[in-house]
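Enquirer: no sequence on this one, just coordinates:
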Ligand SMILES: [Zn+2]
């Protein structure tokens, strides 16, 4: 009877102590799947993102995923809201920033644990070589440092929210628009590098 009860509980809800799923790389597309997923995750703020953001994050996430998988790297590709916990080699949550005062922000990075700071520095150094607009200080909003998914995802070599630019800023949006697949290639190179894989090439400057 008790065994049957335990089994029933296990079927209804995974126990919080269930061990995390181990993955090479985890890629989540910010806002993807909302608002449909919001009802299942009432504790998440049902943020739909900046205008146009929800259409762009999956494009970048899919491009990066395709490249990494082509190199035999395992990718857990997730939308904005997901169940379970993950232990990843490296993890990114892809976003574009928006602002009521257009062009007051740019690219930015969020992370929760001090041990993720080196990964943030590596991304700033790498993406900063390409991104010609401003880069905000790390964790410049609480949404970045306390991103909800940091509770579910830990990464050995960096769990980062990456805002790839500000899409309310016409100049940044125009620069980003043709580069979404290229952004995915840049991310794939970065993530591979973070887990010690040197065989995923840097795409170099965008060539139309
Ligand atoms: Zn966002």
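Expert: Thanks, I have the structure now. A quick note: this is a predicted structure, and the numbers were derived from the prediction, not measured.
Enquirer: Can you name the residues that contact the residue in the chain positioned nearest to the ion?
Expert: In the chain, the residue found nearest to the ion is residue 95; the distance is 3.5 Å by C-beta to the ion. Where C-beta positions appear, they are placed from N, C-alpha and C, glycine not excepted. Residues in contact with residue 95, defined by C-beta atoms under 8 Å, 6 or more residues apart in numbering, are 30-31, 49, 53, 57, 161-164.
Enquirer: Looking at pLDDT only, which of these scores worst?
Expert: Confidence by pLDDT is poorest for residue 49 among the contacts of residue 95, given 94.
Enquirer: Give the burial count for the nearest residue to it once chain neighbours are set aside, as a bare number.
Expert: Excluding the flanking residues, the one nearest residue 49 by C-beta to C-beta, 6 or more residues apart in numbering is residue 31, at 4.0 Å. Around residue 31 there are 25 other residues, counting by other C-beta atoms under 10 Å.
Enquirer: mind listing what's buried in the helix or strand harbouring the residue of the chain closest to the ion?
Expert: Per DSSP states H and E, residue 95 falls inside strand 86-97. The neighbour-count check on strand 86-97 (16 or more other C-beta atoms under 10 Å) flags 86, 88-97 as buried.
Enquirer: Next: stretch 107-125.
Expert: Along stretch 107-125, these residues count as buried under the neighbour rule (16+ other C-beta under 10 Å): 107-112, 116, 119-120, 122-124.
Enquirer: how about that stretch, does it get close to the ion?
Expert: No: shown here: stretch 107-125 not in contact with the ion (C-beta under 5 Å from the ion), separated by at least 10.4 Å.
Enquirer: What average pLDDT does that stretch get?
Expert: 98.
Enquirer: How far does stretch 137-148 stretch from one end to the other?
Expert: End-to-end span of stretch 137-148 (C-alpha to C-alpha, to the nearest Å): 20 Å.
Enquirer: same check, this time on stretch 153-162
Expert: With C-alpha to C-alpha as the measure, the first residue of stretch 153-162 is 15 Å from its last.
Enquirer: Please tell me how far that stretch is from the chain's geometric centre.
Expert: Using C-alpha atoms, centre = their mean, to the nearest Å, the mean C-alpha position of stretch 153-162 is found 8 Å from that of the whole chain.
Enquirer: and it, which residues are buried?
Expert: Neighbour counts using 16+ other C-beta under 10 Å place 153-155, 157-162 of stretch 153-162 among the buried residues.
Enquirer: Mind checking which of these land in strands?
Expert: For the buried residues of stretch 153-162, membership in strands holds for 153-155, 159-162, with DSSP state E as the criterion.
Enquirer: Next secondary structure after the helix or strand of the chain with the lowest mean pLDDT?
Expert: Counting by mean pLDDT, DSSP states H and E, the weakest-scoring helix or strand in the chain turns out to be helix 2-12, with a mean of 53. Next along the chain after helix 2-12, taking DSSP H and E as the criterion, comes strand 21-29.
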